[in-house]
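[1] Starting from these lines, generate the structure:
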Amino acid sequence: MRVAVIGAGSWGSAVARLLAGTGHSVMLWARNAQLVAHINATRQNPHYLPDIELGEGVAATDQMPVALQRAQAVVLATPSQAVRATCAAMASAYPPGVPLLLLSKGLENASGLLLLDVIAKVLATDQGSGSSEGKAATPRESELLATAQGDKMPISAPSGVFAHAASVGVRVREFEPSGVSAGQAETYGSLKEQTPVVAERPVPLAVLSGPNHAEEVAREMLSATVIASQATAVAGFFQSLLGTDFFRIYTSTDTVGVQLCGAAKNVIAIASGLASGLGLGDNTAAMLMTRGLAEIARLVVACGGKGQTCMGLAGMGDLIATCTSQHSRNRAFGLALAAGAHYQDYERQNKMVVEGALACQSITRLACAHQVDMPICETMRGVIWEGQPLQEIIPALMRRSAKPEFY
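    Have a look, this model is predicted:
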C-alpha cells in the first residue's frame, strides 16, 4: 500500500520506517529540500534519528502534491501548531475519501480546537479533486509511485467502508462563563464554546496516541498505543496498517479523551521535570503524576470524553513515559526551567518543539470554559508565561483548600 507520511520529524520518520518495514511504499514529506535530498541519498534522517536506517521503501519529497499522489492512506505528523497550515497545503491535492491518521498531540493554541476538528474543518471545506500538479517527481519518487500502482495492497478497506465515516468539525462561538471576572477573562484570553457539527465533505479521521517515544519505536522496542476514531472501521484500518510484532495497537471511539490526554500530559511532564530539577523526590513525582491524571480526567469528562480513557495508554501510559523518560522533550524543558531557562530561548537553542509549553495555555483556557479545576496546569502556565517565581509554586499548590481525593 502507498502511504503518505506528512512531517519528517522524529515521530514521522519512525512511523515511516515502521510502515516500510512491513512492506508498504512510503512517501515522506518534509519542508527542507536539503533534508529531503539527504534522506533520499542515505535513507537516514540526520536531524532526528541519525543512527536509524529508514529502509528502501521510504522516499522523501518537499512537494506536497507528489507526497499525496495516489496515496491510499495519509499519516500527519507535524507539530500541533502547524496542523492547520499543513492541511491547507494538502487540501487541493488531497485524494478524495482517503483516511488520515493524526500523530500530533496538542490543541490549536489560537482557537483552542482539538486537532481532529481543525483537520476536519480545513479538509472538508477546501478538499480538492485530488490533482497532483506541481514539481515533477524525482526518479526515486517515480519508482515508488510505480511500485504503488502494482501493489497487491495487503491491507484494504471493504468497498464503501469509509463512506459513512463522518468526521466531526467544530463551530466556535465566544462566551463568558459565570463566575469569571473581567481580569480572569483577560488572563485566559477569548473563551470558546465548542459545538460539534458534521463536516460537509468528511475525510475519514483517526488519532494515534500512547507511550511511544520515536527513538524506541524506530529501534523496534516493544511498545503499545491506541488509535481512536468515531468510525470503528477507520480505527481498524489503521490498526491493521501499523500493527507489528513489536508495536501493538488497540482501538477506541473516544477521540475527545485520547486527544485531551495527549495534550495535557505534556504539561504534567514539564511539572515533573521542574520538580526533579528543584531536587524534589520520588514522592513528589508520584504526587504530580497521580494528581495530574486526576486533572486530565476531570477535563476529559467535562468535554464529553470517557474517564476510562485516562486509565489507558493515551492517559496513564503516556503520562508515565513522558514524565519519567530521558527521551521526553517536555520533561527536559522542565529540568531547564528549574535552571532558569525561558521557553523561547530553550526552543531556539534546542531546535525542538515543546508541545506542553503551548498546551498549558490552551488547556487552561478550555478548563476555565468548562469550570474544571486544574491547579498543576494553571501553575505551569503561570511559571512559563506569566513570570511566576519558582519559590511561589510549592506554597501555591500545597496550601490550597482541603478537598476529597476525587471531586
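
[2] starting at the chain centroid, how far to the helix ranked longest in the chain?
    With secondary structure taken from DSSP state H, the chain has its longest helix at helix 255-277. Here helix 255-277 is found 12 Å from its chain centre; the criterion is Cα atoms, centre = their mean, to the nearest Å.

[3] V74 should be in a helix, yeah?
    No - applying DSSP: H, G, I helix; E, B strand; the rest coil, one finds V74 to be strand, outside a helix.

[4] separation between it and M27?
    10 Å (Cβ to Cβ, to the nearest Å). Any C-beta I mention is one placed from the backbone N, CA and C, and that applies to glycine too.

[5] Identify the contacts common to the two.
    Contact criterion Cβ atoms under 8 Å, 6 or more residues apart in numbering; residues shared by V74 and M27: V3, A4.

[6] Which residue of those two possesses the greater neighbour count?
    Legend: neighbour count by other Cβ atoms under 10 Å for V74 and M27, higher for M27 (29 against 24).

[7] was I right about the more buried one contacting A59?
    Yes - between M27 and A59 there is a contact under Cβ atoms under 8 Å: 5.8 Å.

[8] mean confidence score for the next helix or strand after the longest helix of the chain?
    Downstream of helix 255-277, the next assigned helix or strand under DSSP states H and E is helix 282-302. Helix 282-302 shows a mean pLDDT of 97.

[9] Now do the SS call for A206.
    strand.

[10] That one and T232 touch, don't they?
    No - taking contacts as Cβ under 8 Å, A206 lies outside contact range of T232: 10.1 Å.

[11] Comparing these two, which residue is more hemmed in?
    A206 (27 against 14).

[12] ok, now which ones touch E295?
    Contacts of E295 (Cβ under 8 Å, 6+ apart): A264, I268, V372, D373, M374, P375, I376, C377.

[13] Roughly how far does it sit from G12?
    29 Å.

[14] Kindly report the same for A41.
    Relative to G12, and taking Cβ to Cβ, A41 is found at 19 Å.

[15] Mind checking which of those two has more residues around it?
    Neighbours were counted for A41 and for G12 using other Cβ under 10 Å; G12 has more, 24 against 10.

[16] What strand or helix carries the more buried one?
    Using DSSP H and E, G12 falls in helix 10-21.

[17] just checking, what packs against the helix or strand just after that helix?
    For helix 10-21, the following helix or strand on the C-terminal side (DSSP H and E) is strand 25-29. Under the contact definition 3 or more Cβ pairs under 8 Å, 6 or more residues apart in numbering; DSSP states H and E, strand 25-29 sits against strand 2-6, helix 10-21, strand 58-61, helix 64-68, helix 139-149.

[18] helices or strands up against the shortest one?
    The one in question is strand 58-61. helix 10-21, strand 25-29, helix 33-42, helix 139-149.

[19] Deepest-packed of these, please.
    Comparing the helices and strands packed on strand 58-61 by mean neighbour count (mean count of other Cβ atoms under 10 Å), strand 25-29 comes out on top with a mean of 28.

[20] Send me that one as PDB with only the CA atoms.
    Coordinates of each C-alpha in strand 25-29 appear next as PDB, following Å, rounded to 0.1, in the frame of the first residue of the first chain:
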ATOM      1  CA  SER A  25       5.700   2.200   0.000                       C
ATOM      2  CA  VAL A  26       6.100   5.400   1.900                       C
ATOM      3  CA  MET A  27       6.500   8.900   0.600                       C
ATOM      4  CA  LEU A  28       7.800  11.100   3.400                       C
ATOM      5  CA  TRP A  29       7.100  14.800   3.100                       C
END
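
[21] For that strand, give the mean pLDDT please.
    Computed over strand 25-29, the average pLDDT equals 98.

[22] ditto for stretch 239-254
    98.

[23] and if you look at stretch 99-107?
    Rounded mean pLDDT across stretch 99-107 is 97.

[24] Tell me the buried residues in that stretch?
    Neighbour counts using 16 or more other Cβ atoms under 10 Å place P99, L100, L101, L102, L103, S104, K105, G106, L107 of stretch 99-107 among the buried residues.

[25] repeat for stretch 392-407
    I393, L397.

[26] Could you list the residues in contact with that stretch?
    Under Cβ under 8 Å, 6+ apart, the answer for stretch 392-407 is A294, D373, P375, I376, T379, G382, V383, Q388.

[27] Could you identify which of the residues you listed has the most neighbours?
    I376 (24 neighbours).

[28] V267 is in contact with that residue, correct?
    Yes - I376 is in contact with V267 according to Cβ under 8 Å; the separation is 7.3 Å.

[29] Many thanks, have a good one.
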